[in-house]
Every structure is written in C-alpha cells, then in structure tokens.
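>>> sharing a model that was predicted from the sequence below.
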Protein chains: 2
Amino acid sequence: MQLYYTPNIAENNFLDKTESQHLIKVLRKNVGDKIYSTNGNGNFYELAIVDANPKKLTFKIINETLKDKPKPNFDLYIALTKNINRIEWLIEKCTEIGISNIYPILCKNSERKHFRKDRLERIIISAIKQSQKYYLPKITEMQKFADAIKNLETKSNFIASYQKENNFLDDSLVKNENVSVFIGPEGDFNDKELQIAKENNLNCVNLSHQRLRTETAALVACQTFNALNR
Amino acid sequence: MQLYYTPNIAENNFLDKTESQHLIKVLRKNVGDKIYSTNGNGNFYELAIVDANPKKLTFKIINETLKDKPKPNFDLYIALTKNINRIEWLIEKCTEIGISNIYPILCKNSERKHFRKDRLERIIISAIKQSQKYYLPKITEMQKFADAIKNLETKSNFIASYQKENNFLDDSLVKNENVSVFIGPEGDFNDKELQIAKENNLNCVNLSHQRLRTETAALVACQTFNALNR
C-alpha cells in the first residue's frame, strides 16, 4: 500500500503535481480508484479519485479511521552536526524506527548554528509515507540548550555524555514512559551544560562502552527506546 | 587520542602522505613524538616518530599490546541497496556500533548486483580509526544467497522477513553467542529463498512491528545484538 500525506484534507482534497502525475501516468489510476493517506495526526483515509487530473488529482473521502498512537513519546534533543547529511540520515532512520519530536539544540560546542527546518520536514514526511506511519514526528526551530532543559515536559529525562561511572540508558529506561534524551555536539557537552542538566535532574547516561558520533548516539538511543517499547 | 591504521607494521613503518602531512604540518608533530595505531587485528601500537617527513612520516614501535576481542561475532549478510550511499552509511554505523563481518549477498530481488569492495573497505578503516576499534570488520565479495547459507559457520542464524507469526530477534538472541543475520533486498527475500533458509535451520524473525528498509533493518539487528552483548 502506498500512503500519501494529506495534512489539511478538509480544505485540500488534492495531491501535488508530482504525486498526481505518478498516479495517473505511471500507475494508470482512474476515476473511482482507491488511494490511501494520513494527515500525520493519526487519521487514516481511504480516498476515491474524483478527477484523474495528472497535474492535480482530486479525491473524496470514502472512509476515515483514527489509528492508536503506538508507543509513549520519544523526544530527541540534539546538537546538529556540521555535516547536515548525517542529520538528514538520522532523522529518516529515527522516523522509521519510531520518534515523536526532534528538538535541535544549540550547545557551546555546536558546530552548526543554523539549519533549514523545511528541508528536514520534507525528509520526515517522505519517511512516514515510506514506512507507513500515521503520526508525523515534529521538528522545532533551534533553541539554546539551557532553554530546552527549562522547557522540558517529560519526567524521564536523560543526557548522554560518556563517563565511566554512568549507568547505561537501557538499564535506566522504564517501559511505557515518555522519554527525552539529549545528545551533544561533536565536541560533547561542556562541564557547565552537564552541571545545568544535573541541576534539572537529568540522568547522565552512557549508550555504549565507548563514545559514539552524534548521529550514531542518537540512533542508538532511539532504538534502545523502541526495543523496550516494542 | 587519534588512532591510525597500520596493517603491515613490520614491513611498512610509515604513514601515508595525507596522514603524514596532517601530523607534521597541522598538528606540528616532531621526531620523538608519540602516535598510536592498530593493525585491525587486535594489536595496539605506541609509536614514536623517527622521521618527521610530511610526505612519508616514519616511526618505530615503542610498545605493543594485544586488545581483547570485546564481544562474540555479529556477521551481517545483506543484499545491497540500489543506492549505495545507504550501504556506505550503514557500514560506517555498524562498524561504530559493533560488527565482525559483512557478507554482501545476491538475492533474486537484489537491485544491486555489483559493488566496489575497496570503497567500502576504506569506509570501514575510516570508521575504526574514528571510533577507536582494534578489530577491523571484514567485507567479502558478493556471493549468491544459497551459497552464503551453505557456507555458514555460526550456529545461531537468523533471517529477517516480516511475518505476523514470527518471533522477534531480540527475544531469540542468546547472549555470548556468535550470530549471523540475513537482511534481504528492497523487494524482500522470495518464497524460494525463505524455503532454503528454513531447510538450513535459519530462524525467521521480525525486527519490529513493521517492515523496515534494508539498511534500517540491518542497523536495528546490529544494535539489538550489541545491546544484548554490551
């Protein structure tokens, strides 16, 4: 089943040009044929083609169901890497494996201070369509590390910074709990940031027996959460 | 600590031009300064610079230790994706997280029938240097699916192909056992291949509650193994 993304289906009963063209010209779909979509908010739609226009296919809703949210929330707070490709890959993989929100953070050692949110959003949309998810992970603008910590709404909060005496994330996570994990930049969090995290009751954990690259650390944290909350 | 890769240290007591130049011109290393390397076979070398030649730095061995192999073997048998970037990225991540051998396999639905082994080897070398591993994962030339199955030497062998009734990999793995996992192409294994796997006592497992892309499936399998054998 090919899943389309139709965020505002009440006002926008059509697909974009690329998708319309592919459906009509390549897949040879016609008036009355069924297609499927989600609004990224848990709704799954069964649609019927009304106008098989290859530039702007229009449809009507035949059936609508609300899908259960499968898991508790996994929120990732992450310093973006200098090479944005690494983050793009990561976001695609995390969307596929399971993630709720992505919060880019600005740390003292951050090598990247800006990013294009719309570009990452397109990657997320493409990944939910590919992996047939009904809930769209959200990504925010970049915020400062200290602000992100202050605005935390989850109770089970972790910061990954390798220290021999730390517990491991997979020994610390509790099943069915919403979780936030902070992953630092290439140069790691600095002492002041770790101090702020401690003052705000974040649990400082290791992800493996060694330091991992930023995007590998995030991926391991995401999979650790998803393995527990399968 | 920067780790270098010196596979044949007895015959080749020098670094290549790029590394030599970086050490002498950028890091301003001099005769007598220490550098560190591995042969990818568990040996860790403490070296001293003998000739600070920016085109061909030569060194002598000061100290040599054999590092323990940290874990049982995780062998990945994988159909390569059409887009080789996805495999390159996967191999870098798996090397960092922990993998022993990579066996590209040719399946009926394989979209890629050729690859450049030397290119993937360079990625593996770069990843062990970056993540400071003393054992170099090996990658073989591509072999046919059925041949790969016949040549299996591990006893704990899995094939990932999503079916509702399957067990999950993380419920099936046993700690401290060498493991082989087969991951199929974009179009999945076909029925005949699954039959061959069954006849050869491979355990057909799921990795998550849904189908994953080839490279995501491999990554999840690798992290599942490494989480268990931490």
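Thanks, I have it. Numbers count the residues shown, from 1 in each chain, chains lettered A, B, ... in the order given.
>>> Three-state assignment for whatever residue of chain A ends up closest to chain B, please.
As assessed by CB to the nearest CB, chain B sits closest to A:Gln223 within chain A, at 4.6 Å. Any C-beta I mention is one placed from the backbone N, CA and C, and that applies to glycine too. Under DSSP: H, G, I helix; E, B strand; the rest coil, A:Gln223 falls in the helix class.
>>> now swap in A:Ser110 and tell me
Put simply, A:Ser110 is coil when judged by three-state DSSP.
>>> who touches the residue lying closest to the residue of chain A closest to chain B once chain neighbours are set aside in this structure?
Nearest non-adjacent residue to A:Gln223, counting by CB to CB, 6 or more residues apart in numbering or on different chains: B:Gln223, 4.6 Å away. Residues in contact with B:Gln223, defined by CB atoms under 8 Å, 6 or more residues apart in numbering or on different chains, are A:219-220, A:223-224, A:227, B:97.
>>> can you check A:Ile61 too?
Contacts of A:Ile61 by CB under 8 Å, 6+ apart are A:9, A:45-47.
>>> same check, this time on A:Ile139
By CB under 8 Å, 6+ apart, the contact set of A:Ile139 is A:91, A:101-104, A:117, A:120-121, A:124.
>>> returning to what we had before: got JSON lines for the contacts of B:Gln223, with pLDDT and distance to A:Lys67 too?
Converted to JSON lines, those look like this (pLDDT from 0 to 100; distance: CB to CB, whole Å):
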{"residue": "A:Leu219", "pLDDT": "97", "distance to A:Lys67": "25"}
{"residue": "A:Val220", "pLDDT": "97", "distance to A:Lys67": "27"}
{"residue": "A:Gln223", "pLDDT": "97", "distance to A:Lys67": "22"}
{"residue": "A:Thr224", "pLDDT": "96", "distance to A:Lys67": "24"}
{"residue": "A:Ala227", "pLDDT": "95", "distance to A:Lys67": "22"}
{"residue": "B:Ile97", "pLDDT": "96", "distance to A:Lys67": "31"}
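>>> of those, which pair is most distant in space?
Spanning the widest gap among these are A:Ala227 and B:Ile97, at 13.4 Å by CB to CB.
>>> hmm, who's touching stretch A:107-116?
Residues contacting stretch A:107-116 (CB under 8 Å, 6+ apart): A:79-82, A:84, A:87, A:104, A:106, A:142, A:145, A:184-190, A:192-193.
>>> what residue lies at the spatial centre of chain A?
A:Pro137 (3.9 Å; CA atoms, centre = their mean).
>>> so how far is B:Leu57 from it?
Relative to B:Leu57, A:Pro137 is positioned 47 Å away (CB to CB, to the nearest Å).
>>> for A:Cys204, same thing?
Distance from A:Cys204 to B:Leu57, by CB to CB: 39 Å.
>>> neighbour count for those two, which is higher?
Comparing A:Cys204 with B:Leu57 by neighbour count (other CB atoms under 10 Å in any protein chain shown), the higher total belongs to B:Leu57, at 26 against 19.
>>> A:Asn178: neighbour count?
For A:Asn178, the count of nearby residues is 15 (other CB under 10 Å).
>>> up against chain B, what does chain A have?
Contact residues, chain A versus chain B (CB under 8 Å from any CB of the partner chain): A:70, A:89, A:93, A:96-98, A:130-132, A:168, A:170, A:208-213, A:216, A:219-220, A:223-224, A:226-227, A:230.
>>> ok, back up a step: pull out the buried members of the contacts of B:Gln223.
Neighbour-count burial (16 or more other CB atoms under 10 Å in any protein chain shown) applied to those gives A:219-220, A:223-224, A:227, B:97.
>>> how about A:Phe74, nearest residue that isn't a chain neighbour?
Leaving aside its sequence neighbours, A:Phe74 sits nearest to A:Phe225 (CB to CB, 6+ apart; 4.6 Å).
>>> got the residue ranges for the helices in chain A?
Listed in chain order, the helices of chain A (DSSP state H) span A:17-21, A:84-97, A:117-131, A:145-150, A:169-172, A:191-199, A:214-228.
>>> among those helices, which is the most enclosed?
When those are scored by mean count of other CB atoms under 10 Å in any protein chain shown, the highest mean neighbour count falls to helix A:214-228 (a mean of 25).
>>> which one is A:Asn176 nearest to, not counting chain neighbours?
Take A:Asn176 and drop its neighbours on the chain: the residue closest to it by CB to CB, 6+ apart is A:Pro72, 5.5 Å away.
>>> isn't A:Lys144 right up against A:Ile105?
Yes. A:Lys144 lies in contact with A:Ile105 (CB atoms under 8 Å); the separation is 7.2 Å.
>>> which residue of chain A sits farthest from its center?
If you look at how far each residue of chain A sits from its centre, by CA atoms, centre = their mean, the farthest one is A:Val31, at 34.4 Å.
>>> didn't it look like it was pressed against A:Ala52?
Yes. With contact defined as CB under 8 Å, A:Val31 reaches A:Ala52; the gap is 5.2 Å.
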